[in-house]
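Structure for this input, please:
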Amino acid sequence: MMATRQLTPHVFRASRPYLHAPRAISARAQSRVVEVASTRKPEASDNAAVGALGTTTSGKKLKIRQYPKFNRLEDERLYRKQHLAAAYRIFAERGFDEGVAGHISVRDPIWTDHFWLNPLSRHFCLLRVSDLILVNEAGDVVIGDEPINAAAFAIHSAIHKARPDVHAACHAHSVYGKAFSVFGRELDMMTQDSLRFYKSHAVYRQFGGVVLDREEGKRIAGALGQGKAVILQNHGLLTVGQSVDEAAFWFMSLDKTCHAQLLADAAAAGSGREKIMIREEEAAESYKQLGTPEKGWLAFQGYYDDQLAKSNGSFLL
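Reported below is the predicted structural model:
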C-alpha cells in the first residue's frame, strides 16, 4: 500500500488573456463585415475540431482555447483539482445537489490508479481544492482526513478501471435526469443538442438500490461501454470524459436534453402531433462537431470563468 503523502496546496496560475472583455467593434469596422464563408481557407486543426473560425482581416491566425500542456505532472494534478472543485460548485448552482448524494471524480495524473473525490459531509457549493480526498483502487484514503461516499467509490472505481481513456466521471440526482430515467429508454435524436449523445449513451436497466457493491459498479461500467453517458434507470445520470470539464459539461447538457424530451413527449401526447427526428446522416455528421472531447472541454470553460469571477477564486484554496 502506498504511504500517505501530504501535499501543500498551491494555485495553478496560467495566463488567462481570454478573461478580459473583448473590445467593442466600431461602426466603421462593422460596415466592412462581409460574407466570406465561401472563400475562407481551412481552419487550423484545433479550431476545426470545435467548429471555430479564427482569422483576422490582416491574416493573423487566432487559436481557440484548449486543454493546457504541462511540463510537470504536479501542475496538471493541481489543474485537475481546481476544475473538479469548480465543477462541484457549478453543479450546486444548477440544483444537482441533494443531501450527500452525487459525486464527481477525476483521475490523478501521477498515481493513475487513484482518483480525487469530495468528502461525504461537505456541500457541493462549499468545495475547495484543499477539501478534496484522494483514494486508491482499494478505497483507502491516501490524502485527506474525511470519509468518502461508499456508492461513489463503487461506481467511480469500476469506471476508472474499465476505461483508461476516461479521467473523470460525474453522477448526480438531477431532477430531469431522475424523471427521464424512470422510462428506461435512450434519448431520441430530435434536437441539435441531443446529438452530443448520438450512439454514445446507453441505459442501465438493473436498479439494485443504493450502489454499495463493487460488482454493481462493474455492471454500470459495462453498460456505459465506450460511450460518454449512461442513464441509470430509476436513479439518475452518469457521464464521463477525458477531463473533468468535459464530463461535467456532458452532464449539464444531458440533464437539459432529458428536460427537453420530457417537454416534447408531453406536448406530443397532448396535441397528437408526431415528433420529427433528425436523420441518421445529419446526426452522424453533427456529432463530429458537437460530441468530441475538445468540444466538451471548451463548452465548460465559460462556466469555469463565471465561477472564478463570482467566487473570487475561493474554491482554489
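
which strands and helices sit next to the longest helix anywhere in the chain?
With residue count as the measure and DSSP state H as the assignment, the chain has helix 244-271 as its longest helix. Secondary structure elements in contact with helix 244-271, counted by 3 or more Cβ pairs under 8 Å, 6 or more residues apart in numbering; DSSP states H and E, are helix 73-93, strand 103-107, strand 168-172, helix 175-181, strand 229-232, strand 236-241, helix 293-311. Every residue, glycine included, has its C-beta placed from N, CA and C.

List the buried residues of the longest one.
Same thing as helix 73-93. Buried residues in helix 73-93, counting neighbours by 16 or more other Cβ atoms under 10 Å, are found at 75-92.

what do you get for the fourth one?
Neighbour counts over helix 175-181 (16+ other Cβ under 10 Å) mark 175-178, 180-181 as buried.

starting at the chain centroid, how far to that helix?
Relative to its parent chain, helix 175-181 has a centroid offset of 18 Å by Cα atoms, centre = their mean, to the nearest Å.

list the helices and strands that helix packs on?
Using 3+ Cβ pairs under 8 Å, 6+ apart: helix 175-181 touches strand 229-232, strand 236-241, helix 244-271.

ok, and for the longest one, which residues are buried?
I take that to be helix 244-271. Residues of helix 244-271 classed as buried: 244-261, 264 (neighbour count, 16+ other Cβ under 10 Å).

That helix vs strand 168-172, what angle?
Here the directions of helix 244-271 and strand 168-172 differ by 40 degrees (axes from the mean of the first three to the mean of the last three Cα atoms, to 10 degrees).

now helix 244-271: mean pLDDT?
Averaging the model's pLDDT scores along helix 244-271 yields 98.

Ok, stretch 221-233 next?
For stretch 221-233, the per-residue pLDDT values average out at 96.

go on, stretch 143-157?
89.

how long is that stretch from one end to the other?
End-to-end distance of stretch 143-157: 16 Å, with Cα to Cα, to the nearest Å as the criterion.

which parts of it are buried?
The neighbour-count criterion (16+ other Cβ under 10 Å) identifies 143-144, 148-149, 151-157 as the buried residues of stretch 143-157.

so Glu246 touches Pro293, yeah?
Yes: applying Cβ atoms under 8 Å, one finds Glu246 in contact with Pro293, separated by 5.3 Å.

For stretch 224-236, which outside residues touch it?
Contacting residues not belonging to stretch 224-236 are listed as 159, 162-163, 171-174, 177-178, 180-182, 184-187, 196-197, 199-207, 220, 223, 237-241, 247, 250-251, 254, 291, 296 [Cβ atoms under 8 Å, 6 or more residues apart in numbering].

Can you show me the strands along the stretch 1-150 of the chain?
Per DSSP state E, counting those that start in this stretch, the stretch 1-150 of the chain carries strands over the ranges 103-107, 115-117, 133-135, 141-143.

Quick check: which of these is buried the most?
For the strands of the stretch 1-150 of the chain, the stretch with the most neighbours on average is strand 103-107, a mean of 27; neighbours defined as mean count of other Cβ atoms under 10 Å.

can you give me the helices in the stretch 1-150 of the chain?
In the stretch 1-150 of the chain, the helices defined using DSSP state H, counting those that start in this stretch lie at 27-31, 45-48, 73-93, 150-162.

report the angle between the axes of the longest one and helix 293-311?
Yep, that's helix 73-93 we're talking about. Computed with the same axes, to 10 degrees, the direction of helix 73-93 lies at 70 degrees from that of helix 293-311.

just how off-centre is helix 73-93 within its chain?
Centre-to-centre, helix 73-93 and its host chain are 11 Å apart (Cα atoms, centre = their mean).

Check which helices and strands it is in contact with.
Right, helix 73-93 is packed against strand 103-107, strand 115-117, strand 168-172, helix 244-271, helix 293-311 by 3+ Cβ pairs under 8 Å, 6+ apart.

And for the last one?
If contacts are counted by 3+ Cβ pairs under 8 Å, 6+ apart, helix 150-162 sits against strand 103-107, strand 115-117, strand 168-172, helix 214-224.

Could you export these as TSV, including distance to Glu282?
Below are these laid out as TSV (distance: least, Cβ to Cβ, whole Å):
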stretch	distance to Glu282
strand 103-107	32
strand 115-117	37
strand 168-172	28
helix 214-224	26
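
for the ones you listed, which one sits closest to Phe96?
The closest of the helices and strands packed on helix 150-162 to Phe96 is strand 168-172. By Cβ to Cβ, the value is 4.1 Å.

Give me the pLDDT for Thr39.
The predicted local distance difference test score for Thr39 is 34.

Kindly report the same for Arg214.
According to the prediction, Arg214 has pLDDT 75.

just checking, it touches Ser157?
Yes: using Cβ under 8 Å, Arg214 and Ser157 qualify as a contacting pair, with a distance of 7.0 Å.
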